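Participant: give me a model of this one.
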Amino acid sequence: MSVLVLGFDLTILNVALPTMAADIGADTGELQWIVDSYAVVFAACMLPAGLLGDRFGRRRMLVAGLVIFLAGSLIGPFVSSPEAVIVARTVMGLGGALIMPLALSVIPTLFDDDERTKAVGAVTAGMAVGMPAGPLLGGWLLDHFWWGSVFVLNIPLVALGIAAALLLIPETRDPSVPRVDPVSTVLSVLGLGGLVLGVIEGPTRGWGDPLVVGPLAGSAVLLGWLVLRERRAVRPMLDLGLLGDRAFRWNAIVAVLATFVMAGLLFVLPQYLQAVLGNDPFGTGLRLMPVMAGLLVTARAAPPLMARFGSRVVVSAGMALFAFAMLLGSRTDVSDGYAFTAVWLTVTGFGLGFALVPTMDAALGALPASRAGSGTGLLTTLRQVGGAVGVALLGSLLNGVFTDRLDTEGVPGAAAEKARESVVAAHAVAGRLGAPRLAESADSAYVHGMGLALLVCGIAALLTAVATAVRLPDGGREEDRGSGSPRKEGRTGRGAGIAAAKGGAGQ
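Facilitator: Residues are numbered from 1 along each chain as shown. Predicted coordinates for the structure are as follows:
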């Protein structure tokens with residue numbers, strides 16, 4: 001229930017942005033900040049969130065995150081200015097920063113090796129249901145109610161999540177974890193916030209703009225200071241020692257790269273489905289369902305395949321399948337209908353599921369129970385930053401190709417400048433001027449840019465598949481768990497720690 005809410009929130013608001021622009025007078029910059037304020041706070045606050053859960057109780061902090069998220073959802077529907085909506089989204093981002101790492105950190109403390117993969121699959125499926133269902137439900141709500149209804153949807157879901165957490169999840173904590181260091185917390189929040197802010201603003205403002213260079217340079221200084229401070233600490237808040245574990249390090253790399261590619265895909269695809277193929281928001285959400293179907297199937301199919309072949313084979317094959325889907329999608333032509341897109345989207349869902357579910361399972365399995373919160377906070381932060389970088393870099397590539405290839409000959413100067421902003425804006429200008437050639441050129445330019453972005457995604461996924469096959473530690477096979485290898489001994493020791501956490505960590 002917790003991650004389902006976050007999955008909805010990743011996609012549902014985009015459907016409401018045009019309506020909000022008309023109803024509350026938000027301009028383009030304000031609309032961007034309505035979206036970006038959530039992402040910046042979400043990524044910047046996850047590291048201390050995981051540590052707070054380890055120290056003060058994972059269930060307690062998960063419930064606190066849900067309550068904060070609920071507060072933002074209650075503010076959003078009843079305000080009438082863009083600034084107030086930005087505040088509501090910032091509050092929701094803070095709640096989300098607590099929810100995500102703590103929803104994952106309870107898994108290695110409550111489930112053993114055999115059950116943990118199913119638990120990760122359930123969390124992945126929850127997020128998978130939320131992301132494509134967001135535009136689907138958002139489009140339906142906007143057809144029947146006002147723009148604030150996309151916030152109201154969160155309220156019953158969060159309330160159910162709070163009740164389920166209080167009634168069903170036992171409390172676990174590790175009082176021996178390091179205290180929350182205020183200086184390190186500020187460095188991590190400001191450093192990661194500056195990084196995410198810079199990569200988000202870069203494609204629109206330009207990478208040489210002071211408001212992009214400044215946050216990125218400041219981020220490098222602050223994060224460098226944080227690393228030096230944490231390396232000298234006896235009990236660091238930023239547990240960089242986890243990256244010394246080969247299993248955690250390589251599974252984290254795969255998870256970040258998969259998130260990078262998937263975030264880029266989810267950025268470019270909705271505009272293709274709506275502007276080029278002419279679907280409404282509800283139809284766009286419906287046409288994203290093949291990705292969800294593939295993820296739901298692989299959430300159940302991955303555990304037995306891991307038991308038979310090991311995580312290295314499953315993850316490598318999943319990334320290879322993902323790469324094939326991206327390379328196939330890069331061949332999309334402006335004259336192709338949805339049928340071809342549905343094929344490579346289905347393959348995308350299968351590939352992503354086979355790569356991400358075992359990777360998340362293996363990364364969580366490498367964590368001792370006492371470091372579950374800090375480890376999942378680090379992993380989730382890296383994934384969130386990877387997703388933001390994916391959107392920024394692939395969005396910049398797409399926008400550059402679109403602007404260069406768009407034919408605005410014969411279009412007045414101001415209208416031509418407006419058309420270059422996006423494929424949606426180009427269609428709006430073409431409709432007002434009665435210029436079908438401009439609309440055709442916009443479709444062609446966007447599809448070409450999307451194909452190039454998907455090609456980059458495919459190459460990145462293919463390189464990841466090769467690196468995974470060579471470097472990723474194997475594990476998860478039944479014979480590995482049944483042998484007397486040193487690996488088994490390490491897993492048994494960790495299992496004993498998990499059992500102890502179940503029995504006494506909440507006391």
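Participant: now for the lengthiest helix in the chain, which elements pack on it?
Facilitator: What stands out as the longest helix in the chain, according to DSSP state H, is helix 436-471. When contacts are defined as 3 or more Cβ pairs under 8 Å, 6 or more residues apart in numbering; DSSP states H and E, helix 436-471 packs onto helix 246-271, helix 311-329, helix 372-405, helix 423-433. Quick note: C-beta positions are derived from backbone N, CA and C, even for glycine.
Participant: from the middle of its chain, how far away would the last one be?
Facilitator: If I follow you right, that is helix 423-433. 31 Å (Cα atoms, centre = their mean, to the nearest Å).
Participant: how about the third one?
Facilitator: The chain centre lies 8 Å from the centre of helix 372-405; the measure is Cα atoms, centre = their mean.
Participant: and stretch 138-147, average pLDDT?
Facilitator: Average pLDDT, stretch 138-147: 80.
Participant: and it, what's buried?
Facilitator: 138-139, 141-142, 147 (16 or more other Cβ atoms under 10 Å).
Participant: now the helices: where do they sit in the stretch 51-200 of the chain?
Facilitator: Assignment of helices within the stretch 51-200 of the chain using DSSP state H, counting those that start in this stretch yields the ranges 58-75, 82-110, 113-144, 149-152, 154-168, 182-205.
Participant: outline the domain layout of the chain.
Facilitator: 1-176, 181-236, 245-369+394-495 (automatic domain parsing).
Participant: out of those domains, nearest to Thr380?
Facilitator: Minimum separation from Thr380 across these (Cβ to Cβ) falls at domain 1-176, 4.8 Å.
Participant: and the helix or strand encompassing Tyr38, what does it pack onto?
Facilitator: Using DSSP states H and E, Tyr38 sits in helix 28-44. Helix 28-44 sits against helix 2-23, helix 82-110, helix 182-205, helix 372-405, with contacts defined as 3+ Cβ pairs under 8 Å, 6+ apart.
Participant: thinking again about what came up before, now the buried residues of stretch 138-147 in CSV, with distance to Pro412?
Facilitator: Below are the buried residues of stretch 138-147 laid out as CSV (distance: Cβ to Cβ, whole Å):
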residue, distance to Pro412
Gly138, 34
Gly139, 33
Leu141, 37
Leu142, 32
Trp147, 32
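Participant: list the buried residues in the helix holding Tyr38.
Facilitator: Of the residues in helix 28-44, those buried by neighbour count under the rule 16+ other Cβ under 10 Å are 30-31, 33-34, 36-44.
Participant: what is the nearest of the residues you listed to Gly72?
Facilitator: Taking Cβ to Cβ as the measure, Gly72 lies nearest Tyr38 of those, at 8.9 Å.
Participant: quick one: that closest one from Ser422, how far?
Facilitator: Tyr38 sits 21 Å away from Ser422, going by Cβ to Cβ, to the nearest Å.
Participant: and Val411, which of the three is it?
Facilitator: Recorded secondary structure, Val411: coil (DSSP: H, G, I helix; E, B strand; the rest coil).
Participant: phi and psi next, for it.
Facilitator: phi -90, psi 130 (degrees, to the nearest 10).
Participant: what's the burial count for Ser81?
Facilitator: Burial measure for Ser81: 12 neighbouring residues, criterion other Cβ atoms under 10 Å.
Participant: so what's Ala43 up against?
Facilitator: For Ala43, the contacting residues are 97, 192-193, 195-196, 381, 384-385, 388, by Cβ atoms under 8 Å, 6 or more residues apart in numbering.
Participant: how about it: what's its closest non-neighbour residue?
Facilitator: Gln384 (4.2 Å; Cβ to Cβ, 6 or more residues apart in numbering).
Participant: the inter-axis angle of the host helix or strand of Pro290 versus helix 113-144?
Facilitator: Assigned by DSSP H and E, Pro290 belongs to helix 289-309. Here helix 289-309 points in a direction 180 degrees away from that of helix 113-144 (axes from the mean of the first three to the mean of the last three Cα atoms, to 10 degrees).
Participant: pLDDT on the longest helix of the chain, on average?
Facilitator: On average, helix 436-471 scores 88.
Participant: ok and it relative to helix 423-433, angle-wise?
Facilitator: Computed by the same axes, to 10 degrees, the angle between helix 436-471 and helix 423-433 is 170 degrees.
Participant: could you check how far Gly121 is from Gly76?
Facilitator: Distance from Gly121 to Gly76, counting by Cβ to Cβ: 31 Å.
Participant: now swap in Ala445 and tell me
Facilitator: 35 Å.
Participant: span of stretch 174-189 from start to end?
Facilitator: 23 Å (Cα to Cα, to the nearest Å).
Participant: apart from its neighbours in sequence, what residue is nearest the most far-flung residue of the chain relative to its centre?
Facilitator: The centre of the chain is farthest from one residue, Gly410, which by Cα atoms, centre = their mean lies 41.4 Å away. Of all residues not flanking Gly410 in the chain, Ala435 sits nearest, at 7.6 Å (Cβ to Cβ, 6+ apart).
Participant: can you tell me how far that neighbour is from Glu409?
Facilitator: For Ala435, the distance to Glu409 - Cβ to Cβ - is 10 Å.
Participant: more crowded one of those two?
Facilitator: Ala435 (18 against 8).
Participant: that one: what's it in contact with?
Facilitator: 410-411, 429 are the contacts of Ala435 under Cβ under 8 Å, 6+ apart.
Participant: next up, phi/psi of it, please.
Facilitator: phi -120, psi 80.
Participant: re earlier: closest to Thr376 out of the domains of the chain?
Facilitator: Thr376 lies closest to domain 1-176 among those, at 4.2 Å (Cβ to Cβ).
Participant: how about low-confidence regions in the stretch 51-200 of the chain?
Facilitator: Counting by pLDDT under 70, the stretch 51-200 of the chain contains low-confidence residues at 127-128, 131-132, 175-179.
Participant: right, and the helices and strands packed on helix 436-471 - which one's nearest Ala88?
Facilitator: Closest among the helices and strands packed on helix 436-471, using Cβ to Cβ: helix 372-405, at 19.9 Å.
Participant: show me which positions of the closest one end up buried.
Facilitator: In helix 372-405, counting by 16+ other Cβ under 10 Å, buried: 372-399, 401-402.
Participant: quick one: Leu137 from Asn154, how far?
Facilitator: Counting by Cβ to Cβ - Leu137 and Asn154 are separated by 11 Å.
Participant: anything in contact with each of the two?
Facilitator: Phe8.
Participant: coming back round to it: dump the residue contacts of the residue nearest to Ala43.
Facilitator: Counting by Cβ under 8 Å, 6+ apart, Gln384 makes contact with 39, 42-43, 46, 100, 196, 259.
Participant: tell me where the model's unsure across the stretch 251-400 of the chain.
Facilitator: Checking the stretch 251-400 of the chain against pLDDT under 70 turns up 369-374, 377.
Participant: so Val63 makes contact with Ile162?
Facilitator: Yes. Between Val63 and Ile162 there is a contact at 5.7 Å, judged by Cβ atoms under 8 Å.
Participant: ok, Ile24 - how many residues close by?
Facilitator: Per other Cβ under 10 Å, the neighbour tally for Ile24 reads 18.
Participant: ditto for Val152
Facilitator: Val152 - counted by other Cβ under 10 Å - has 16 other residues nearby.
Participant: and the nearest residue to it once chain neighbours are set aside, what does it touch?
Facilitator: Closest residue to Val152 apart from its sequence neighbours, by Cβ to Cβ, 6+ apart: Pro77 at 5.3 Å. Residues in contact with Pro77 (Cβ under 8 Å, 6+ apart) are 148-149, 151-152.
Participant: and the two most separated of these?
Facilitator: It's Ser149 and Phe151 that sit farthest apart of the contacts of Pro77, by Cβ to Cβ, at 7.3 Å.
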